[in-house]
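S.K.: Predicted model follows, preceded by the sequence.
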Amino acid sequence: MSYYSYTKAEKIIGCEKINKKTTGDFYIVMGFQRSGTSLLSKIVSSCEVNFGKSNELKKAEITNPDGFYEHRKINELSWEYLDQSNYNSTKISNFDLHPKNKSSRIKRLFTVKNMHEVLFNLSKKSKKIGLKLFPLFYYLWKDYLPGHKIIAIYRNPYSSAHSYLNVFWPSKLSFEHALNLWIQAQKDLLYHITQKESLLISYEDLLDEHKQDNIIEKIISFIGEGDKNKIKSIVNKKLNRNTEKANEIQKKYPKKTEVDEVFRKLEEVKFKA
């Protein structure tokens with residue numbers, strides 16, 4: 001659902017015209033970092049959904065040897081947009097996306113035009129386009145996307161936080177802060193999936209051999225094509241390697257009611273395999 005309308009300035013520089021030319025079915029892969037978004041993107045990509053050329057995507061690293069499926073320009077423009085706004089990354093619930101000042105307002109116009117051009121160029125290459133977006137980034141892009149669906153994934157909060165700290169912020173952020181980031185991201189995710197046709201799956205369920213077949217079949221049905229055996233070859237049970245450590249942390253960690261509440265809501269909303 002969108003109530004967005006183009007401003008006079010955006011119309012003058014051609015944003016609306018580019019938007020009208022952008023066609024295709026967009027599939028938005030969404031989730032918190034280290035929650036299986038790259039694995040899910042690889043699965044979605046195997047269903048003939050194009051995330052961009054290899055030289056347009058973030059390069060694979062040891063933490064994600066099969067690739068991130070993140071479009072570098074999409075990522076770059078998202079951070080530009082936030083940098084030009086009053087958004088404060090130290091206050092995780094602060095979503096003031098209005099431009100900082102007149103200079104930022106002008107820069108924002110051209111950032112938005114570049115966002116439209118990226119989407120248009122992707123739509124020229126394929127009828128099915130994939131975008132991997134954090135829940136926060138989706139706020140910035142959703143009004144400019146043509147018809148699209150959301151396929152979201154979440155993971156046990158303690159597994160996500162543990163992996164997030166090890167990969168991105170070893171010894172620099174507290175576990176408490178990582179959990180708070182997880183809470184905010186999942187609240188946004190839950191909001192987003194109520195606005196569009198969506199599919200929510202659990203990372204742990206996807207790796208569960210008793211639930212995997214149903215989930216894969218649901219993904220194929222949601223996208224409209226895909227090969228079940230090909231997808232099964234992508235999913236590796238070893239990917240859930242830090243579950244034991246996460247369970248250990250969860251037992252020792254002081255009970256955090258909000259984490260439990262958000263996780264319970266995700267469990268209620270997910271596709272029941």
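M.R.: Yes, it's here. Numbers count the residues shown, from 1 in each chain.
S.K.: Can you tell me how far Asn214 is from Lys230?
M.R.: Distance, Asn214 to Lys230, by CB to CB, to the nearest Å: 17 Å. Glycine gets a C-beta too; all of them are placed from N, C-alpha and C.
S.K.: Please disregard the earlier target; I meant Gln212.
M.R.: Noted for Gln212: a distance of 13 Å to Lys230, by CB to CB.
S.K.: ok, the two, which is more surrounded?
M.R.: Neighbours per residue, other CB atoms under 10 Å: of Gln212 and Lys230, the larger number sits with Gln212, 18 against 12.
S.K.: Settle this for me: that one is touching Ile234, isn't it.
M.R.: No - using CB atoms under 8 Å, Gln212 is not in contact with Ile234; the gap is 11.0 Å.
S.K.: picking that back up, got any residues that touch both of Gln212 and Lys230?
M.R.: Taking CB atoms under 8 Å, 6 or more residues apart in numbering as the contact rule, Gln212 and Lys230 touch no residue in common.
S.K.: what about Leu82, how many neighbours?
M.R.: As a burial measure, Leu82 scores 18 neighbours (other CB under 10 Å).
S.K.: Give the next helix or strand downstream of the helix or strand where it lies.
M.R.: Element membership of Leu82, judged by DSSP states H and E, is helix 72-83. Using DSSP H and E, the next helix or strand after helix 72-83 towards the C-terminus is helix 102-125.
S.K.: Would you mark the buried spots in that next one?
M.R.: 104, 107-109, 111-112, 114-120, 122-123 (16 or more other CB atoms under 10 Å).
S.K.: Distance-wise, check the residue nearest to Gly147 when sequence neighbours are not counted relative to Ser174.
M.R.: Leaving out its chain neighbours, the residue that sits closest to Gly147 by CB to CB, 6 or more residues apart in numbering is Asp25, at 5.9 Å. Using CB to CB, Asp25 is found at 41 Å from Ser174.
S.K.: Looking at these two, which one has more neighbours?
M.R.: Using other CB under 10 Å, the more surrounded residue of Asp25 and Ser174 is Asp25, with 17 against 11.
S.K.: number of nearby residues for Ile62?
M.R.: Neighbour tally, Ile62, other CB under 10 Å: 6.
S.K.: measure it to Val167 for me?
M.R.: From Ile62 to Val167 the distance is 10 Å (CB to CB).
S.K.: On the three-state scheme, Pro146 is what?
M.R.: coil (DSSP: H, G, I helix; E, B strand; the rest coil).
S.K.: mind listing what it touches?
M.R.: Pro146 touches 19, 22-24, 26, 123, counting by CB under 8 Å, 6+ apart.
S.K.: can you give me the strands in the chain?
M.R.: 25-30, 128-133, 148-154, 198-202 (DSSP state E).
S.K.: now the ones you listed as JSON lines including distance to Glu225 and mean pLDDT?
M.R.: Shown next, in JSON lines, are those (distance: least, CB to CB, whole Å; pLDDT from 0 to 100):
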{"stretch": "strand 25-30", "distance to Glu225": "11", "mean pLDDT": "97"}
{"stretch": "strand 128-133", "distance to Glu225": "8", "mean pLDDT": "97"}
{"stretch": "strand 148-154", "distance to Glu225": "14", "mean pLDDT": "97"}
{"stretch": "strand 198-202", "distance to Glu225": "15", "mean pLDDT": "97"}
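S.K.: in terms of contact, does His148 touch Phe26 like I think?
M.R.: Yes - with contact defined as CB under 8 Å, His148 and Phe26 form a contacting pair (3.6 Å).
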